[in-house]
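Peer 1: After the sequence you'll find the predicted model.
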Amino acid sequence: MASLSDELARLFAPRKLTSPVEWAYDNCVLRANISELSGALKIFPYAEEPLNALVDPMVNKVTLCWGSQSSKTTTMYAGVAYLLSEFPKDTLWIMPSAENARNFSKGRWLPFVEDCKPLMDQCPISASSGKVDTDKITNMRQEFLNCVLTFAGAGSENNVKSAPVAYLVLDEIDEIDPDIRLAALERIKGRREYKIIQTSTPKEEKGGIWEEYIYGDQRKYFMPCPECEEMIEFQWRQKDKEGKMRYGIGFDEDSKMDDGSYDFLKVASSAHYRCQHCDFKILDAHKPTMIKKGEWRQMNPNAPSGHRSYHLNSLYSPAMTFADLIVAWLQVSSSIYGLKKFVQGNLAEAWKEDWVNQDENEANVLESNYERGELKGDFRILAVDTQTDHFRFIVRGFESSGESYLIDFGSVASFVDLDKIFEDNKCHKAIIDCAGDRTQEVYEEVFKRRTHWFGSRGWKTMAEPYRLQQKDPFTGDNKGRAGRGKFLYLHIDKNIWESEIAKLRSQQLSGFFTFTDTPKEYYDQLFAVYWAKETDRSGHIKTVRKMKRSRGDHYFDCECMARALSKFVGIARVDRINAQPIGEQQQRKPKRPRTRQTSESWW
């Protein structure tokens, strides 16, 4: 009787709950073909809270928006394995395609199960062979003793329609069609107790992991600075003590060579993270201690209860150094495709409008170490936007490589003033907007200066980025029928050049600089134009050009004209790589005099 009593007491005793982190340390092993960190599972300190959230009865959704090499997949392995072992319930694991799911299950998940004793104990044994029953444990469906795990590809809605489940894993949800995800969510509908685990590398703002992160409580990881002990987060772009924007990773300025390229060995050897509070140079050797002392902080107090969302970029990754990241950034910063992959993969941020619509408060990252009025560039362009009673202008200098520098900007009253600006800044060409209610006046003034000046007009859509005409200022003729005196008139596609300036100002394209302490007036107008996605009445999403209230966009327009003209005359054009250096007149063979008068052409 005493023995029976002890056995009953053991059976009905309260269950000792092991935390997911402790359980993972004790039971999980990673093979070399699964992870570079092979051997007993290593849980980084920042992964502990997301794992432990799985047993929090108040949490039903965990969203991981993490960068590459940050142990996102490892954390997911451990979390799913813990739930299946300790709280077994039917689970659906959805991946972008059936092929992805099959390859993942066969090559990574099932080997992981074989090395995890609690999961192996859940596998049914074949009576005939005495080994795991391979009819019930397959690549796409694993019938454990107390639950079923099903892998499914998101290629068809039928793949995710089946019996209800308690655990839903959405892997790389940005690759999964939104309709498929909605169908999968129907599988947990009506359940009181359920868990949704979703991870992905972010892509766009809407419909994926980034949107899920924003919906959640938006947790970020803060750590103490080794020097000042202020709690900081690793940020790619940060504000310094004076409130100016800069890159979080710094390196020696001598690393940049005269031609604008970088000595990557110098960059790598001097790379460090800059503390936002004290400018202390944080090295990779500091990261392990900092991360160990870190904590997650909720940034969205108004989030729905039960949704934990975590953001972590690759600066935190012990596997990636500050040198790795800054060198990769410098190598891809001139490529839209490469930059996009870097932002999504390493910064774990959506390729969203903010990268084009960068706020002017962050614009000082464009500033280079030179003063206003300092003549920069081999070729300088004056670009002018015509107003009713004055002119807005910018002067920008261009290197033959394409790098450009703002030299001056402002407002003047007359063409006489513009002539002085042209002369003082030793400009090579000028371009002016001829649209508006001063068209005839501008035509005639440009005609007087036709040796160096271009007229211009912008269009919403054109068949090409720009098109050159020769226009008679008095008749408007552009086909040579009347009047011999003409000036050069450049039509430009505003969509193309506005898009390019937006990419330059947000550093999607490199080589666009402003002078030290550029006034706010210029930045207000440079960033006045932005783009937003809107849904029309038919439900289609379209991108709409907008302008911030109470601001002009005149300097933005001037930059568009200057950029278009620079390309037109051959600066940094791939078809003119071997052309004679900018600013030098090319020697031409004497030609027979032409009977028809033509305007001088620089190129």
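Peer 2: In hand now; what should we look at?

Peer 1: so how far is residue 329 from the residue nearest to the spatial centre of the chain?
Peer 2: Nearest to the geometric centre of the chain sits residue 343, at 3.5 Å (C-alpha atoms, centre = their mean). Relative to residue 329, residue 343 is positioned 10 Å away (C-beta to C-beta, to the nearest Å). Every residue, glycine included, has its C-beta placed from N, CA and C.

Peer 1: go on, residue 28?
Peer 2: Counting by C-beta to C-beta - residue 28 and residue 329 are separated by 34 Å.

Peer 1: cool, and residue 47?
Peer 2: Distance from residue 47 to residue 329, by C-beta to C-beta: 25 Å.

Peer 1: Kindly report the same for residue 147.
Peer 2: In terms of C-beta to C-beta, residue 147 sits 44 Å off from residue 329.

Peer 1: Let's test this: what are the backbone torsions at residue 381?
Peer 2: Here is the backbone geometry of residue 381 (degrees, to the nearest 10): phi -120, psi 130.

Peer 1: Let me know the pLDDT of it.
Peer 2: At residue 381, the model reports a pLDDT of 97.

Peer 1: Over to residue 83?
Peer 2: 93.

Peer 1: Residue 40 too?
Peer 2: At residue 40, the pLDDT recorded in the model is 77.

Peer 1: quick one: residue 546 is in a strand?
Peer 2: Yes: under DSSP: H, G, I helix; E, B strand; the rest coil, residue 546 sits within a strand.

Peer 1: list the contacts for it?
Peer 2: 529, 530, 531, 532 (C-beta atoms under 8 Å, 6 or more residues apart in numbering).

Peer 1: redo that, cut-off 6 Å
Peer 2: Counting by C-beta atoms under 6 Å, 6 or more residues apart in numbering, residue 546 touches 530, 532.

Peer 1: Report the beta-bridge partners for it.
Peer 2: residue 530 (DSSP bridges).

Peer 1: Run through this structure and note the low-pLDDT ranges.
Peer 2: 1-16, 33-38, 162, 334-336, 352-362, 476-484, 533-542, 549-550, 573-603 (pLDDT under 70).

Peer 1: Show me the helices in the stretch 1-150 of the chain, by range?
Peer 2: 2-12, 20-27, 45-52, 72-86, 98-104, 110-114, 117-120 (DSSP state H, counting those that start in this stretch).

Peer 1: do you know how far the residue found closest to the residue nearest to the centre of the chain once you drop the neighbours it is linked to in the chain is from residue 340?
Peer 2: Spatial nearest neighbour of residue 343, excluding adjacent residues (C-beta to C-beta, 6 or more residues apart in numbering): residue 349 at 5.4 Å. Distance of residue 349 to residue 340, computed by C-beta to C-beta: 10 Å.

Peer 1: So which of those two has more stuff around it?
Peer 2: Counted by other C-beta atoms under 10 Å, residue 349 and residue 340 do not tie: residue 349 has more neighbours, with 21 against 15.

Peer 1: hang on, the earlier thing: and residue 47 and residue 329? which has more neighbours close in?
Peer 2: residue 47 (25 against 20).

Peer 1: Contact partners for the more buried one?
Peer 2: 71, 75.

Peer 1: From residue 53, how far out is it?
Peer 2: On the measure of C-beta to C-beta, residue 47 and residue 53 end up 11 Å apart.

Peer 1: So which residues of the stretch 401-550 of the chain form strands?
Peer 2: Under the criterion DSSP state E, counting those that start in this stretch, the stretch 401-550 of the chain contains strands at 404-412, 429-433, 453-459, 466-471, 487-493, 512-513, 529-535, 541-547.

Peer 1: and if you look at the stretch 151-300 of the chain?
Peer 2: Under the criterion DSSP E, counting those that start in this stretch, the stretch 151-300 of the chain contains strands at 167-171, 195-199, 219-224, 231-232, 237-239, 245-247, 249-250, 272-274, 281-282, 295-298.
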